[in-house]
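Asker: Below: sequence and its predicted model.
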Amino acid sequence: MPDPIITRFAPSPTGPIHLGNARTALFNWLLARAAGGRFVLRVEDTDAERSRPEHAEALMTDLRWLGLAWDAGPDRSDIAGPYHQSQRLPYYSEYYARLEADGRAYPCYCTPEELEAARRAQRARGEAPRYPGRCRNLSAADRERLAAEGREPTLRFRVEAGEIAFGDLVRGPQTFRGEEIGDFIIRRSDGTPAFFFVNAVDDALMGVNRVLRGEDHLANTPRQLLILEALGLEAPLYGHISLLTGFEGGPLSKRGGSLSVTELREAGYLPAAVTNYLARLGHHLESGELFGLDGLAEHFAVDRLSRAPARFDPEQLDHWHHEAIQAAPLDELWDWLAPALTTEVPPERREEWLAAVQPNLERVADGEDWARVCFGEVAPDDAAAEVLAQADPALWPAAERALAEHGTDAKAVTEAVKAETGLKGKQLFKPLRAAVTGRASGPELGALLPLIGTDKALARIRAVKGG
Ligand code: GLU
Ligand code: ZN
């Protein structure tokens, strides 16, 4: 049996997750789900200065909201845990020691100033700056002397000249040259691990065998492959997806219309809107249908990931938001609207009300508007007032009588008004709706009248008639 596919999302908790990161998480989740594999969440928090526990908490809240559950992660640890890198330092020591013992890594005593001077000299000669190899072949005595000067060494990985080739899942065959990479730091002088190292080692230790990530990490990949090879650890297959750019083509920014996942949630977007939008951003999905996550997984394929930059388009997001509202089960619709409601919706009328207003919801605030129309007080808005101003005044006494006689049976009411006044079509329905709901458009009167009730409808008719 082939190994199960294991993917991961490995965010650094240095800020809120934006759409680009969320898309990376989603693609990895879909890839695992499509293959019946596992999805792991690893928090890359070794940068103590920039990492914050509250960012880690927030990103888990965001992932949960999107529905991207993880099989293992900080709160669901297992044999391969812990899943906070800051809690894994003892594991890394072992691998550092192994590389040093094998001569694959060595202490480098160069100071930042010395390295900077070397880079400047290389640039002046028109060479690409890379570590000049000063500490590559130090004797034990040299090391002792440099350490005695109070220099805290970094640990460098020794990169031999030659080709490093791999097949990228998205971008096809890639080749790099060792001599262009130069020996690189895998542990800083303060003892903290470098990103390349822990990211690669943890993928191997956690059994991760597929990695989809942003193309900004493509150049890290040859280094990571070298580390894993030197340690005799299995490397995942990497696929580098195009970066998400802002609406105007530049980097993602708020100005370009892009928000963090938290902000999108707070702005009232539904998770299905975000996932359906992102699943089509830089990934060719044949169908234009709104899918649940399992449906998206069924339609997900790595070979349909695009190399072209993906541009954030707020209109597309709104399109999926509209679709998501129309498709939402009533209980989800309620969970979405409830926090923004100040007008009470009687629990026994909740479903009827939701079903009536669903086609007319765009924003979360629309819920409160329709709750007020049905269960609170409303004055005609501008559009309704315009309709009322043009209405035939004969309508109102007839409507009053019809309502008193037929109650909330909208069909019987309109029939009676029609019979009495001779008005029909738009001349009849539009002003009647405007008077009873205070709105010129929206759900059918037939759906709203039973929710509004006879007394309130009568009062609204009388208000129009009297005024
Ligand atoms: N912590 C890294 C980041 O957020 C992970 C990169 C990767 O997916 O390998 O950029
Ligand atoms: Zn050095």
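Answerer: The structure has been received and is ready for your questions. Ligands and ions are numbered 1, 2, ... in the order given.
Asker: ok, which stretches of the stretch 101-250 of the chain are helices?
Answerer: For the stretch 101-250 of the chain, applying DSSP state H, counting those that start in this stretch gives helices covering 112-124, 140-148, 178-181, 195-205, 221-231.
Asker: How about the contacts made by the residue in the stretch 151-300 of the chain positioned nearest to ligand 2?
Answerer: Relative to ligand 2, the nearest point of the stretch 151-300 of the chain is residue 156 (7.0 Å; C-beta to the ion). Any C-beta I mention is one placed from the backbone N, CA and C, and that applies to glycine too. Contact analysis of residue 156 by C-beta atoms under 8 Å, 6 or more residues apart in numbering lists 105, 106, 107, 108, 131, 135, 183, 184, 185, 186.
Asker: Filter those down to the ones in strands?
Answerer: 105, 106, 107, 108, 184, 185, 186 (DSSP state E).
Asker: Go ahead and flag the most central residue of this protein.
Answerer: For the chain, the residue nearest the mean C-alpha position is residue 22 (3.2 Å; C-alpha atoms, centre = their mean).
Asker: Make sure it is actually in contact with residue 277.
Answerer: No. Shown here, residue 22 and residue 277 do not form a contact pair, counting by C-beta atoms under 8 Å, at 10.0 Å.
Asker: Which helix runs longest in the chain?
Answerer: helix 19-34 (DSSP state H).
Asker: average pLDDT across it?
Answerer: Averaging pLDDT along helix 19-34 yields 96.
Asker: Starting from that helix, tell me the next helix or strand along the chain.
Answerer: Proceeding N to C from helix 19-34, the next assigned helix or strand is strand 38-41, under DSSP states H and E.
Asker: who touches that next one?
Answerer: Against strand 38-41 from outside (C-beta under 8 Å, 6+ apart): 4-10, 28-29, 32-33, 60, 63, 68-74, 80, 83, 206, 208.
Asker: for the record, mean pLDDT for it?
Answerer: pLDDT averaged over strand 38-41 gives 98.
Asker: Intersect the contacts of strand 38-41 with the contacts of ligand 1.
Answerer: Among the contacts of strand 38-41, proximity to ligand 1 is found for residue 10 (C-beta under 6 Å from any ligand atom).
Asker: Out of the contacts of strand 38-41, list just those in strands.
Answerer: Per DSSP E, the contacts of strand 38-41 map to strands at 6, 7, 8, 9.
Asker: who wins for neighbours among the residues you listed?
Answerer: Counting neighbours by other C-beta atoms under 10 Å, residue 8 comes out on top of those with 31 neighbours.
Asker: is it true that residue 308 touches residue 283?
Answerer: No. Using C-beta under 8 Å, residue 308 is not in contact with residue 283, being 11.3 Å away.
Asker: Who has more neighbours out of these two?
Answerer: Set residue 308 next to residue 283 and count neighbours by other C-beta under 10 Å: residue 283 wins out with 21 against 7.
Asker: Which strand residues bridge the more buried one?
Answerer: residue 305 (DSSP bridges).
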